[in-house]
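*Asks:* Any chance you can model this:
(chains A, B, C and D)
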Protein chains: 2
Amino acid sequence: MRSELELTPIAKGDAADGPHYLALRDQIALGIEMGKLAPGSKLPSERQFQGDSGAARGTIREALFQLEAEGLIYRRDRSGWYVSPPAVTYNPTRWSGFMTYVAEQGRTPATETLSKELVSAPPAVADIFRTAPGTPLYNIHRRRSIDGRAVLVERIIVDPTLAPGLVDRSLDGSLTQILAGDYGLTVVRNRVDMRPCALVKFAADALGVKPGTPGLLVVRTSIGADGRVVEYDQEYWRHDAIRVHVDLDVRG
Amino acid sequence: MRSELELTPIAKGDAADGPHYLALRDQIALGIEMGKLAPGSKLPSERQFQGDSGAARGTIREALFQLEAEGLIYRRDRSGWYVSPPAVTYNPTRWSGFMTYVAEQGRTPATETLSKELVSAPPAVADIFRTAPGTPLYNIHRRRSIDGRAVLVERIIVDPTLAPGLVDRSLDGSLTQILAGDYGLTVVRNRVDMRPCALVKFAADALGVKPGTPGLLVVRTSIGADGRVVEYDQEYWRHDAIRVHVDLDVRG
DNA sequence: TAGTGGTCTAGACCACAGA
DNA sequence: CTGTGGTCTAGACCACTAG
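*Replies:* Numbers count the residues shown, from 1 in each chain, chains lettered A, B, ... in the order given. Take a look at the predicted model:
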(Lines give C-alpha, C1' and ligand atoms only; values in the text may rest on other atoms or scores of the structure.)
Protein backbone atom coordinates (compact mmCIF):
# COMPACT_ATOMS: atom_id res chain seq x y z
CA MET A 1 0.00 0.00 0.00
CA ARG A 2 1.69 3.20 -1.08
CA SER A 3 0.97 6.13 1.14
CA GLU A 4 0.32 9.51 -0.33
CA LEU A 5 2.72 10.93 2.18
CA GLU A 6 6.00 11.92 0.63
CA LEU A 7 9.06 11.89 2.80
CA THR A 8 12.32 13.57 2.01
CA PRO A 9 15.22 11.26 2.75
CA ILE A 10 17.30 12.66 5.55
CA ALA A 11 20.17 14.82 4.43
CA LYS A 12 23.66 14.35 5.77
CA GLY A 13 24.62 17.60 7.41
CA ASP A 14 21.27 18.78 8.56
CA ALA A 15 22.12 20.04 12.00
CA ALA A 16 20.32 23.24 11.07
CA ASP A 17 16.98 21.44 11.10
CA GLY A 18 17.62 20.05 14.54
CA PRO A 19 17.33 16.36 15.29
CA HIS A 20 16.15 13.98 12.60
CA TYR A 21 13.17 12.84 14.56
CA LEU A 22 11.85 16.39 14.73
CA ALA A 23 12.37 16.90 11.01
CA LEU A 24 10.44 13.69 10.45
CA ARG A 25 7.77 14.85 12.86
CA ASP A 26 7.42 18.07 10.89
CA GLN A 27 7.00 16.22 7.62
CA ILE A 28 4.32 13.94 8.99
CA ALA A 29 2.58 16.78 10.81
CA LEU A 30 2.57 18.77 7.61
CA GLY A 31 0.96 15.87 5.80
CA ILE A 32 -1.78 15.81 8.39
CA GLU A 33 -2.37 19.55 8.37
CA MET A 34 -2.41 19.68 4.60
CA GLY A 35 -5.21 17.19 4.72
CA LYS A 36 -3.29 14.46 2.94
CA LEU A 37 -4.13 12.29 5.90
CA ALA A 38 -7.70 12.51 7.11
CA PRO A 39 -8.67 12.01 10.76
CA GLY A 40 -9.00 8.32 11.49
CA SER A 41 -6.90 7.26 8.54
CA LYS A 42 -3.91 5.03 8.90
CA LEU A 43 -0.32 6.14 8.61
CA PRO A 44 2.26 4.16 6.70
CA SER A 45 3.93 1.47 8.78
CA GLU A 46 7.07 2.17 10.72
CA ARG A 47 9.09 0.05 8.35
CA GLN A 48 7.58 1.87 5.43
CA PHE A 49 8.73 5.14 6.96
CA GLN A 50 12.10 3.55 7.50
CA GLY A 51 12.50 2.77 3.83
CA ASP A 52 11.26 6.20 2.75
CA SER A 53 13.37 8.25 5.10
CA GLY A 54 16.46 6.16 5.56
CA ALA A 55 16.35 6.64 9.33
CA ALA A 56 16.54 3.81 11.82
CA ARG A 57 13.28 2.49 13.17
CA GLY A 58 13.99 3.87 16.62
CA THR A 59 14.23 7.34 15.17
CA ILE A 60 10.98 6.89 13.29
CA ARG A 61 9.28 5.80 16.48
CA GLU A 62 10.60 8.79 18.33
CA ALA A 63 8.94 11.06 15.79
CA LEU A 64 5.69 9.13 16.13
CA PHE A 65 5.79 9.31 19.94
CA GLN A 66 6.25 13.03 19.64
CA LEU A 67 3.17 13.35 17.48
CA GLU A 68 1.27 11.12 19.86
CA ALA A 69 2.20 13.37 22.79
CA GLU A 70 0.93 16.33 20.80
CA GLY A 71 -2.35 14.54 20.26
CA LEU A 72 -2.04 14.47 16.48
CA ILE A 73 -1.91 10.70 16.13
CA TYR A 74 -2.69 7.64 18.20
CA ARG A 75 -2.03 3.95 17.90
CA ARG A 76 -4.04 0.82 17.93
CA ASP A 77 -1.99 -1.88 19.53
CA ARG A 78 -0.07 -3.87 16.96
CA SER A 79 -2.34 -2.55 14.28
CA GLY A 80 -0.84 0.76 13.34
CA TRP A 81 -0.76 4.50 13.78
CA TYR A 82 -3.79 6.63 12.98
CA VAL A 83 -4.63 10.29 12.72
CA SER A 84 -6.51 11.54 15.79
CA PRO A 85 -10.04 12.84 15.33
CA PRO A 86 -10.75 16.28 16.81
CA ALA A 87 -11.24 16.51 20.57
CA VAL A 88 -14.61 17.16 22.15
CA THR A 89 -15.10 19.99 24.56
CA TYR A 90 -16.20 19.14 28.04
CA ASN A 91 -17.82 21.83 30.11
CA PRO A 92 -18.18 20.91 33.76
CA THR A 93 -20.21 24.02 34.45
CA ARG A 94 -23.03 22.67 32.38
CA TRP A 95 -24.83 19.82 33.96
CA SER A 96 -25.30 17.85 30.79
CA GLY A 97 -23.98 14.35 30.45
CA PHE A 98 -21.55 12.85 28.00
CA MET A 99 -24.25 11.55 25.65
CA THR A 100 -25.65 15.04 25.34
CA TYR A 101 -22.61 17.18 24.89
CA VAL A 102 -20.92 14.81 22.49
CA ALA A 103 -24.03 14.71 20.32
CA GLU A 104 -24.28 18.49 20.47
CA GLN A 105 -20.85 18.65 18.92
CA GLY A 106 -21.95 16.59 15.97
CA ARG A 107 -20.31 13.39 17.09
CA THR A 108 -21.75 9.98 17.89
CA PRO A 109 -21.43 8.94 21.53
CA ALA A 110 -21.76 5.41 22.84
CA THR A 111 -21.63 3.86 26.27
CA GLU A 112 -20.84 0.33 27.25
CA THR A 113 -21.18 -1.06 30.75
CA LEU A 114 -18.18 -3.20 31.61
CA SER A 115 -19.31 -4.21 35.08
CA LYS A 116 -21.67 -3.21 37.84
CA GLU A 117 -21.68 -4.60 41.33
CA LEU A 118 -22.15 -3.93 44.98
CA VAL A 119 -18.87 -3.51 46.83
CA SER A 120 -17.71 -2.65 50.31
CA ALA A 121 -16.47 0.91 50.65
CA PRO A 122 -12.72 1.14 51.18
CA PRO A 123 -11.73 3.79 53.71
CA ALA A 124 -10.87 6.47 51.13
CA VAL A 125 -14.19 6.09 49.37
CA ALA A 126 -16.17 5.85 52.59
CA ASP A 127 -14.68 9.17 53.54
CA ILE A 128 -16.00 10.82 50.40
CA PHE A 129 -19.49 9.47 51.01
CA ARG A 130 -19.25 10.33 54.71
CA THR A 131 -20.13 6.81 55.67
CA ALA A 132 -18.39 3.97 57.45
CA PRO A 133 -15.81 1.79 55.71
CA GLY A 134 -17.44 -1.41 54.56
CA THR A 135 -20.74 0.22 53.70
CA PRO A 136 -22.10 -1.34 50.49
CA LEU A 137 -21.86 0.93 47.46
CA TYR A 138 -22.57 0.48 43.78
CA ASN A 139 -19.45 0.31 41.70
CA ILE A 140 -19.91 0.73 37.97
CA HIS A 141 -17.35 0.48 35.21
CA ARG A 142 -18.20 1.93 31.84
CA ARG A 143 -16.41 2.62 28.60
CA ARG A 144 -17.47 5.47 26.39
CA SER A 145 -16.73 6.04 22.75
CA ILE A 146 -16.96 8.78 20.22
CA ASP A 147 -17.55 7.79 16.62
CA GLY A 148 -16.59 4.24 17.48
CA ARG A 149 -13.30 5.06 19.17
CA ALA A 150 -13.04 4.37 22.90
CA VAL A 151 -12.07 7.64 24.55
CA LEU A 152 -12.61 7.12 28.24
CA VAL A 153 -13.15 4.52 30.88
CA GLU A 154 -14.84 5.46 34.09
CA ARG A 155 -15.53 4.11 37.51
CA ILE A 156 -18.66 5.43 39.13
CA ILE A 157 -19.67 5.02 42.72
CA VAL A 158 -23.24 5.58 43.85
CA ASP A 159 -24.83 5.16 47.22
CA PRO A 160 -27.54 2.45 46.88
CA THR A 161 -29.69 4.06 49.55
CA LEU A 162 -30.12 7.03 47.22
CA ALA A 163 -30.73 4.98 44.09
CA PRO A 164 -31.98 1.53 45.07
CA GLY A 165 -31.96 -0.99 42.27
CA LEU A 166 -29.83 1.21 40.06
CA VAL A 167 -27.66 -1.61 38.79
CA ASP A 168 -30.68 -3.59 37.66
CA ARG A 169 -31.27 -1.06 34.92
CA SER A 170 -29.46 -0.60 31.68
CA LEU A 171 -26.70 1.89 32.29
CA ASP A 172 -25.66 2.17 28.66
CA GLY A 173 -27.18 5.60 28.42
CA SER A 174 -27.10 8.69 30.51
CA LEU A 175 -26.67 8.01 34.19
CA THR A 176 -27.36 11.67 34.81
CA GLN A 177 -30.85 11.30 33.41
CA ILE A 178 -31.58 8.13 35.34
CA LEU A 179 -30.54 9.67 38.62
CA ALA A 180 -32.48 12.85 37.99
CA GLY A 181 -35.53 11.39 36.26
CA ASP A 182 -36.07 8.10 38.04
CA TYR A 183 -34.74 8.91 41.47
CA GLY A 184 -35.35 12.64 41.66
CA LEU A 185 -31.76 13.27 42.58
CA THR A 186 -30.93 16.83 41.67
CA VAL A 187 -27.39 18.07 41.84
CA VAL A 188 -26.71 21.45 43.37
CA ARG A 189 -22.97 21.30 43.51
CA ASN A 190 -20.38 19.78 41.28
CA ARG A 191 -16.76 19.36 42.18
CA VAL A 192 -14.33 18.54 39.40
CA ASP A 193 -10.66 17.71 39.64
CA MET A 194 -8.45 17.32 36.63
CA ARG A 195 -4.88 16.34 36.13
CA PRO A 196 -2.71 14.96 33.39
CA CYS A 197 -1.76 11.38 34.08
CA ALA A 198 -0.44 8.24 32.54
CA LEU A 199 -3.11 5.65 31.90
CA VAL A 200 -2.80 2.97 34.51
CA LYS A 201 -3.14 -0.67 33.57
CA PHE A 202 -6.86 -1.13 34.01
CA ALA A 203 -7.63 1.98 32.00
CA ALA A 204 -5.05 1.22 29.34
CA ASP A 205 -6.42 -2.28 28.89
CA ALA A 206 -9.98 -1.04 28.61
CA LEU A 207 -9.01 1.54 26.03
CA GLY A 208 -6.79 -0.85 24.15
CA VAL A 209 -3.69 1.28 24.54
CA LYS A 210 -0.26 0.75 25.99
CA PRO A 211 -0.03 1.38 29.74
CA GLY A 212 1.66 4.71 30.27
CA THR A 213 -0.03 6.36 27.33
CA PRO A 214 -0.71 9.96 28.31
CA GLY A 215 -4.18 10.62 29.62
CA LEU A 216 -6.30 13.00 31.59
CA LEU A 217 -7.93 12.03 34.85
CA VAL A 218 -11.19 13.80 35.60
CA VAL A 219 -12.75 13.21 38.99
CA ARG A 220 -16.30 14.46 39.50
CA THR A 221 -18.15 14.62 42.77
CA SER A 222 -21.82 15.51 42.45
CA ILE A 223 -23.57 16.72 45.54
CA GLY A 224 -27.32 16.76 46.02
CA ALA A 225 -29.65 19.22 47.69
CA ASP A 226 -29.27 17.51 51.06
CA GLY A 227 -25.49 17.73 50.89
CA ARG A 228 -25.03 14.04 50.22
CA VAL A 229 -22.81 12.73 47.46
CA VAL A 230 -25.02 11.62 44.60
CA GLU A 231 -22.29 10.33 42.34
CA TYR A 232 -18.54 9.98 42.51
CA ASP A 233 -16.91 9.45 39.15
CA GLN A 234 -13.34 8.87 38.02
CA GLU A 235 -12.88 9.27 34.29
CA TYR A 236 -9.70 8.26 32.52
CA TRP A 237 -9.58 10.02 29.19
CA ARG A 238 -7.31 9.62 26.23
CA HIS A 239 -5.45 12.88 26.34
CA ASP A 240 -6.13 13.73 22.71
CA ALA A 241 -9.90 13.31 23.01
CA ILE A 242 -10.83 16.00 25.48
CA ARG A 243 -10.67 19.71 25.95
CA VAL A 244 -12.06 21.31 29.07
CA HIS A 245 -13.90 24.58 29.00
CA VAL A 246 -15.03 26.45 32.07
CA ASP A 247 -17.06 29.61 31.82
CA LEU A 248 -17.95 31.37 35.01
CA ASP A 249 -19.00 34.48 36.78
CA VAL A 250 -16.43 35.69 39.21
CA ARG A 251 -17.64 36.18 42.72
CA GLY A 252 -15.64 37.57 45.58
CA MET B 1 28.08 8.62 44.16
CA ARG B 2 26.28 5.51 45.31
CA SER B 3 22.54 5.77 45.27
CA GLU B 4 20.51 4.32 48.06
CA LEU B 5 18.24 2.77 45.50
CA GLU B 6 18.74 -0.94 45.17
CA LEU B 7 17.94 -2.57 41.89
CA THR B 8 17.41 -6.23 41.34
CA PRO B 9 19.24 -7.37 38.24
CA ILE B 10 16.81 -8.48 35.62
CA ALA B 11 16.06 -12.17 35.68
CA LYS B 12 16.14 -14.27 32.54
CA GLY B 13 12.71 -15.78 32.15
CA ASP B 14 10.64 -13.04 33.70
CA ALA B 15 7.79 -12.81 31.25
CA ALA B 16 5.46 -13.03 34.23
CA ASP B 17 6.45 -9.54 35.35
CA GLY B 18 5.77 -8.08 31.95
CA PRO B 19 8.34 -6.07 30.06
CA HIS B 20 11.65 -5.22 31.71
CA TYR B 21 11.11 -1.52 31.49
CA LEU B 22 7.93 -1.80 33.56
CA ALA B 23 9.65 -3.93 36.16
CA LEU B 24 12.34 -1.29 36.33
CA ARG B 25 9.71 1.42 36.56
CA ASP B 26 8.14 -0.38 39.48
CA GLN B 27 11.42 -0.63 41.33
CA ILE B 28 12.18 3.05 40.91
CA ALA B 29 8.62 4.07 41.74
CA LEU B 30 8.78 1.97 44.85
CA GLY B 31 11.96 3.73 45.88
CA ILE B 32 10.21 7.05 45.51
CA GLU B 33 7.08 6.02 47.37
CA MET B 34 9.05 4.47 50.18
CA GLY B 35 10.69 7.82 50.64
CA LYS B 36 14.17 6.63 49.75
CA LEU B 37 14.21 9.38 47.18
CA ALA B 38 12.88 12.72 48.39
CA PRO B 39 11.14 15.20 46.08
CA GLY B 40 13.74 17.24 44.24
CA SER B 41 16.52 14.75 44.77
CA LYS B 42 18.53 13.34 41.93
CA LEU B 43 18.22 9.84 40.59
CA PRO B 44 21.24 7.74 39.71
CA SER B 45 22.49 8.30 36.19
CA GLU B 46 21.22 6.21 33.32
CA ARG B 47 24.56 4.46 33.04
CA GLN B 48 24.49 3.79 36.73
CA PHE B 49 21.10 2.13 36.32
CA GLN B 50 22.53 0.24 33.40
CA GLY B 51 25.26 -1.27 35.51
CA ASP B 52 22.90 -2.07 38.37
CA SER B 53 20.17 -3.66 36.34
CA GLY B 54 22.01 -5.16 33.42
CA ALA B 55 19.52 -3.75 30.95
CA ALA B 56 20.46 -1.73 27.88
CA ARG B 57 20.39 2.02 28.20
CA GLY B 58 17.40 2.28 25.88
CA THR B 59 15.40 0.08 28.22
CA ILE B 60 16.43 2.17 31.21
CA ARG B 61 15.32 5.30 29.41
CA GLU B 62 11.99 3.75 28.55
CA ALA B 63 11.34 3.17 32.24
CA LEU B 64 12.32 6.75 33.01
CA PHE B 65 10.06 8.14 30.28
CA GLN B 66 7.23 6.15 31.76
CA LEU B 67 7.78 7.67 35.18
CA GLU B 68 8.05 11.09 33.60
CA ALA B 69 4.69 10.62 31.88
CA GLU B 70 3.20 9.67 35.22
CA GLY B 71 4.58 12.85 36.73
CA LEU B 72 6.77 11.10 39.26
CA ILE B 73 10.06 12.35 37.90
CA TYR B 74 11.33 15.05 35.58
CA ARG B 75 14.62 15.89 33.95
CA ARG B 76 16.91 18.82 33.77
CA ASP B 77 18.49 18.89 30.38
CA ARG B 78 21.81 17.08 30.36
CA SER B 79 21.94 17.29 34.10
CA GLY B 80 19.93 14.35 35.29
CA TRP B 81 16.61 12.97 36.44
CA TYR B 82 14.94 14.27 39.57
CA VAL B 83 11.97 13.37 41.73
CA SER B 84 9.02 15.67 41.06
CA PRO B 85 7.75 17.87 43.86
CA PRO B 86 4.01 17.71 44.58
CA ALA B 87 1.68 19.55 42.20
CA VAL B 88 -0.14 22.72 43.20
CA THR B 89 -3.88 22.99 42.84
CA TYR B 90 -5.22 25.65 40.56
CA ASN B 91 -8.78 26.79 41.03
CA PRO B 92 -10.08 28.93 38.19
CA THR B 93 -13.28 29.67 40.07
CA ARG B 94 -11.37 31.70 42.58
CA TRP B 95 -10.09 34.96 41.29
CA SER B 96 -6.79 34.80 43.07
CA GLY B 97 -3.54 34.93 41.18
CA PHE B 98 -0.64 32.52 41.01
CA MET B 99 1.38 34.31 43.66
CA THR B 100 -1.49 33.96 46.08
CA TYR B 101 -2.66 30.43 45.61
CA VAL B 102 0.84 28.99 45.46
CA ALA B 103 1.74 30.72 48.72
CA GLU B 104 -1.50 29.50 50.28
CA GLN B 105 -0.36 25.98 49.58
CA GLY B 106 2.82 26.49 51.52
CA ARG B 107 5.07 26.87 48.50
CA THR B 108 7.25 29.71 47.32
CA PRO B 109 6.12 31.33 44.07
CA ALA B 110 8.28 33.53 41.87
CA THR B 111 7.67 35.43 38.66
CA GLU B 112 10.15 36.57 36.08
CA THR B 113 9.31 38.81 33.15
CA LEU B 114 10.98 37.53 29.99
CA SER B 115 9.78 40.26 27.67
CA LYS B 116 7.15 42.95 27.37
CA GLU B 117 6.40 44.88 24.25
CA LEU B 118 3.78 46.49 22.10
CA VAL B 119 2.82 44.35 19.12
CA SER B 120 0.33 44.46 16.26
CA ALA B 121 -2.63 42.20 16.80
CA PRO B 122 -2.67 39.22 14.45
CA PRO B 123 -6.14 38.38 13.13
CA ALA B 124 -6.84 35.60 15.64
CA VAL B 125 -5.96 37.79 18.60
CA ALA B 126 -7.75 40.83 17.22
CA ASP B 127 -10.85 38.69 17.06
CA ILE B 128 -10.66 37.87 20.75
CA PHE B 129 -10.29 41.52 21.66
CA ARG B 130 -13.01 42.51 19.20
CA THR B 131 -10.72 44.97 17.53
CA ALA B 132 -9.13 45.35 14.12
CA PRO B 133 -6.07 43.36 13.09
CA GLY B 134 -2.98 45.48 13.53
CA THR B 135 -4.25 47.23 16.64
CA PRO B 136 -1.36 47.67 19.09
CA LEU B 137 -1.55 45.37 22.10
CA TYR B 138 0.74 44.65 25.00
CA ASN B 139 2.40 41.28 24.75
CA ILE B 140 4.04 39.99 27.91
CA HIS B 141 6.07 36.85 28.43
CA ARG B 142 6.63 35.62 31.94
CA ARG B 143 8.06 32.57 33.58
CA ARG B 144 6.82 31.42 36.94
CA SER B 145 8.44 29.10 39.41
CA ILE B 146 7.53 27.19 42.50
CA ASP B 147 10.27 26.60 45.04
CA GLY B 148 12.83 27.57 42.44
CA ARG B 149 11.62 25.21 39.73
CA ALA B 150 10.17 26.77 36.58
CA VAL B 151 6.68 25.35 36.18
CA LEU B 152 4.99 27.52 33.58
CA VAL B 153 5.63 30.06 30.90
CA GLU B 154 2.87 32.38 29.87
CA ARG B 155 2.01 34.85 27.21
CA ILE B 156 -0.34 37.57 28.28
CA ILE B 157 -2.08 40.04 26.04
CA VAL B 158 -3.61 43.23 27.42
CA ASP B 159 -5.29 46.09 25.63
CA PRO B 160 -3.18 49.23 26.26
CA THR B 161 -6.24 51.48 26.13
CA LEU B 162 -7.46 49.72 29.29
CA ALA B 163 -4.12 49.76 31.08
CA PRO B 164 -1.95 52.54 29.65
CA GLY B 165 1.68 52.35 30.65
CA LEU B 166 1.33 48.85 32.00
CA VAL B 167 4.61 47.62 30.59
CA ASP B 168 6.52 50.45 32.27
CA ARG B 169 5.84 48.85 35.62
CA SER B 170 7.46 45.86 37.20
CA LEU B 171 5.41 42.83 36.26
CA ASP B 172 7.29 40.40 38.45
CA GLY B 173 4.40 40.22 40.87
CA SER B 174 0.70 39.80 40.55
CA LEU B 175 -0.72 41.21 37.32
CA THR B 176 -4.17 40.61 38.75
CA GLN B 177 -3.50 43.08 41.52
CA ILE B 178 -2.01 45.70 39.23
CA LEU B 179 -4.97 45.57 36.88
CA ALA B 180 -7.49 45.69 39.70
CA GLY B 181 -5.70 48.07 42.04
CA ASP B 182 -3.99 50.52 39.71
CA TYR B 183 -6.41 50.50 36.81
CA GLY B 184 -9.65 49.65 38.51
CA LEU B 185 -10.25 46.77 36.12
CA THR B 186 -12.59 44.33 37.78
CA VAL B 187 -13.29 41.01 36.21
CA VAL B 188 -16.84 39.75 36.10
CA ARG B 189 -16.36 36.74 33.90
CA ASN B 190 -13.57 34.29 33.49
CA ARG B 191 -13.28 31.83 30.68
CA VAL B 192 -10.80 29.01 31.03
CA ASP B 193 -9.79 26.39 28.50
CA MET B 194 -7.55 23.48 29.31
CA ARG B 195 -6.03 20.73 27.30
CA PRO B 196 -3.12 18.36 27.55
CA CYS B 197 -0.45 19.26 25.05
CA ALA B 198 3.17 18.79 24.19
CA LEU B 199 5.32 21.75 25.06
CA VAL B 200 6.13 23.62 21.88
CA LYS B 201 9.61 24.94 21.27
CA PHE B 202 9.27 28.37 22.82
CA ALA B 203 7.73 26.97 25.98
CA ALA B 204 10.16 24.07 26.18
CA ASP B 205 13.13 26.39 25.84
CA ALA B 206 11.83 28.73 28.51
CA LEU B 207 11.23 25.86 30.91
CA GLY B 208 14.52 24.21 30.07
CA VAL B 209 12.91 20.98 28.96
CA LYS B 210 12.96 18.94 25.79
CA PRO B 211 10.40 20.03 23.20
CA GLY B 212 7.58 17.52 23.23
CA THR B 213 7.65 17.07 26.97
CA PRO B 214 4.06 16.61 28.10
CA GLY B 215 2.37 19.75 29.35
CA LEU B 216 -0.95 21.36 30.04
CA LEU B 217 -2.14 24.40 28.17
CA VAL B 218 -4.41 26.70 30.14
CA VAL B 219 -5.98 29.61 28.29
CA ARG B 220 -7.72 32.26 30.36
CA THR B 221 -9.87 35.06 29.07
CA SER B 222 -10.86 37.62 31.68
CA ILE B 223 -13.77 39.84 30.87
CA GLY B 224 -14.51 43.14 32.60
CA ALA B 225 -17.70 44.79 33.67
CA ASP B 226 -18.11 46.51 30.30
CA GLY B 227 -17.77 43.24 28.42
CA ARG B 228 -14.29 44.01 27.16
CA VAL B 229 -11.44 41.57 27.42
CA VAL B 230 -9.21 42.66 30.28
CA GLU B 231 -6.58 39.99 29.90
CA TYR B 232 -5.92 37.08 27.59
CA ASP B 233 -3.45 34.58 28.92
CA GLN B 234 -1.93 31.40 27.56
CA GLU B 235 -0.15 29.33 30.19
CA TYR B 236 2.04 26.39 29.31
CA TRP B 237 2.46 24.26 32.41
CA ARG B 238 4.69 21.33 33.13
CA HIS B 239 2.17 18.55 33.36
CA ASP B 240 3.40 17.32 36.71
CA ALA B 241 3.14 20.70 38.40
CA ILE B 242 -0.58 21.40 38.20
CA ARG B 243 -3.87 20.00 39.28
CA VAL B 244 -7.07 21.79 38.40
CA HIS B 245 -9.95 21.99 40.79
CA VAL B 246 -13.32 23.45 39.92
CA ASP B 247 -16.02 23.80 42.52
CA LEU B 248 -19.34 25.15 41.39
CA ASP B 249 -22.99 25.55 41.94
CA VAL B 250 -25.02 23.95 39.23
CA ARG B 251 -27.47 26.20 37.54
CA GLY B 252 -29.93 25.25 34.86
C1' DT C 1 0.21 -16.58 7.80
C1' DA C 2 2.12 -12.11 6.80
C1' DG C 3 2.64 -7.75 8.60
C1' DT C 4 2.27 -4.75 12.45
C1' DG C 5 3.93 -2.59 16.51
C1' DG C 6 6.36 -3.87 21.21
C1' DT C 7 10.57 -4.81 23.33
C1' DC C 8 15.42 -5.22 23.65
C1' DT C 9 20.50 -5.18 22.73
C1' DA C 10 25.10 -3.07 22.19
C1' DG C 11 27.21 -0.24 20.54
C1' DA C 12 28.38 5.07 18.84
C1' DC C 13 29.00 10.13 18.76
C1' DC C 14 27.28 14.61 20.15
C1' DA C 15 26.05 18.97 22.95
C1' DC C 16 25.90 20.68 26.99
C1' DA C 17 26.00 21.19 32.44
C1' DG C 18 28.75 21.64 36.04
C1' DA C 19 32.86 21.29 38.88
C1' DC D 1 37.70 18.73 31.75
C1' DT D 2 34.30 14.72 33.04
C1' DG D 3 29.85 13.07 33.24
C1' DT D 4 25.26 13.70 31.90
C1' DG D 5 21.49 13.09 28.96
C1' DG D 6 20.21 13.52 23.67
C1' DT D 7 20.35 11.29 19.42
C1' DC D 8 21.11 7.63 16.30
C1' DT D 9 22.23 3.04 14.14
C1' DA D 10 21.38 -1.77 12.83
C1' DG D 11 20.23 -5.31 13.97
C1' DA D 12 16.98 -9.13 16.70
C1' DC D 13 12.95 -11.70 18.46
C1' DC D 14 8.27 -11.58 20.24
C1' DA D 15 3.03 -10.99 20.62
C1' DC D 16 -0.51 -9.81 18.50
C1' DT D 17 -3.92 -8.11 14.59
C1' DA D 18 -6.12 -8.87 10.65
C1' DG D 19 -6.89 -10.80 6.28
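*Asks:* helix or strand for the closest residue to A:Lys210 other than its chain neighbours, which one?
*Replies:* Closest residue to A:Lys210 apart from its sequence neighbours, by Cβ to Cβ, 6 or more residues apart in numbering or on different chains: A:Ala204 at 6.3 Å. Placement of C-beta: from N, CA and C, glycine included. For A:Ala204, the enclosing helix or strand under DSSP states H and E is helix A:201-207.
*Asks:* Tell me if that helix is near DNA strand C.
*Replies:* No: counting by Cβ under 7 Å from any atom of the strand, DNA strand C is not contacted by helix A:201-207; separation bottoms out at 10.4 Å.
*Asks:* confidence score at the residue in the stretch 101-250 of chain A that DNA strand C sits nearest to?
*Replies:* Using Cβ to the nearest atom of the strand, the closest approach of the stretch 101-250 of chain A to DNA strand C is made by A:Lys210 at 5.0 Å. On pLDDT, A:Lys210 comes in at 83.
*Asks:* so it makes contact with A:Val200?
*Replies:* No: using Cβ atoms under 8 Å, A:Lys210 is not in contact with A:Val200; the gap is 11.7 Å.
*Asks:* Give me the contact list for the following helix or strand past the helix holding A:Ala204.
*Replies:* Where DSSP H and E defines the elements, the next helix or strand beyond helix A:201-207 is strand A:214-224. Strand A:214-224 is contacted from outside by A:68-69, A:90, A:92, A:128, A:162, A:185-199, A:203, A:229-239, A:242, A:244, B:69, B:196, B:214, using Cβ atoms under 8 Å, 6 or more residues apart in numbering or on different chains.
*Asks:* ok, 7 Å please
*Replies:* Outside strand A:214-224, the residues that touch it by Cβ atoms under 7 Å, 6 or more residues apart in numbering or on different chains are A:69, A:128, A:185-199, A:203, A:229-239, A:242, B:69, B:196, B:214.
*Asks:* Can you tell me which of those are classed as buried?
*Replies:* The neighbour count (16 or more other Cβ atoms under 10 Å in any protein chain shown) marks A:69, A:185, A:187, A:189-199, A:203, A:229-233, A:235-239, A:242, B:69, B:196, B:214 as buried among the contacts of strand A:214-224.
*Asks:* from the residues you listed, which ones fall inside strands?
*Replies:* Counting by DSSP state E, the part of those found in strands is A:187, A:189-198, A:229-233, A:235-238, A:242, B:196, B:214.
*Asks:* so who does A:Glu231 touch?
*Replies:* A:Glu231 neighbours (Cβ under 7 Å, 6+ apart): A:156, A:158, A:179, A:222.
*Asks:* ok, back up a step: for B:Arg25, see how far away the residue nearest to A:Lys210 is.
*Replies:* For A:Ala204, the distance to B:Arg25 (Cβ to Cβ, to the nearest Å) stands at 14 Å.
*Asks:* Show me which of the two is the more surrounded one.
*Replies:* Comparing A:Ala204 with B:Arg25 by other Cβ atoms under 10 Å in any protein chain shown, the one with more neighbours is B:Arg25, at 22 against 19.
*Asks:* do whatever helix or strand that one lives in and DNA strand C meet at all?
*Replies:* Element membership for B:Arg25 (DSSP H and E) is helix B:20-33. Yes: contact of helix B:20-33 with DNA strand C (Cβ under 7 Å from any atom of the strand) involves B:20-21.
*Asks:* Pull out the buried residues from that helix.
*Replies:* So for helix B:20-33, counting by 16+ other Cβ under 10 Å, buried means B:20-25, B:27-29, B:31-32.
*Asks:* quick one: average pLDDT of it?
*Replies:* Across helix B:20-33, pLDDT averages out at 93.
*Asks:* Report whether stretch A:90-101 contacts chain B.
*Replies:* Yes: Stretch A:90-101 reaches chain B (Cβ under 7 Å from any Cβ of the partner chain) through A:92-93, A:95.
*Asks:* Would you reformat those as TSV and include secondary structure?
*Replies:* What follows is those, written out as TSV (DSSP: H, G, I helix; E, B strand; the rest coil):
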residue	secondary structure
A:Pro92	coil
A:Thr93	coil
A:Trp95	coil
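*Asks:* Please produce a ChimeraX select command covering the buried subset of those residues.
*Replies:* Buried members of the residues of stretch A:90-101 next to chain B, defined by 16+ other Cβ under 10 Å, are picked up in ChimeraX with:
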select /A:92,93,95
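*Asks:* still on that earlier bit, quick one: which of the contacts of A:Glu231 sit in strands?
*Replies:* If you go by DSSP E, those have A:156, A:158, A:222 in strands.
*Asks:* Closest to chain B out of those residues?
*Replies:* A:Ser222 (8.3 Å; Cβ to the nearest Cβ).
*Asks:* Give me the neighbour count for that closest one.
*Replies:* The number of residues packed near A:Ser222 is 23, by other Cβ under 10 Å.
*Asks:* check contacts around A:Thr100.
*Replies:* By Cβ under 7 Å, 6+ apart, the contact set of A:Thr100 is A:Ser174.
*Asks:* No further queries at this time; thank you.
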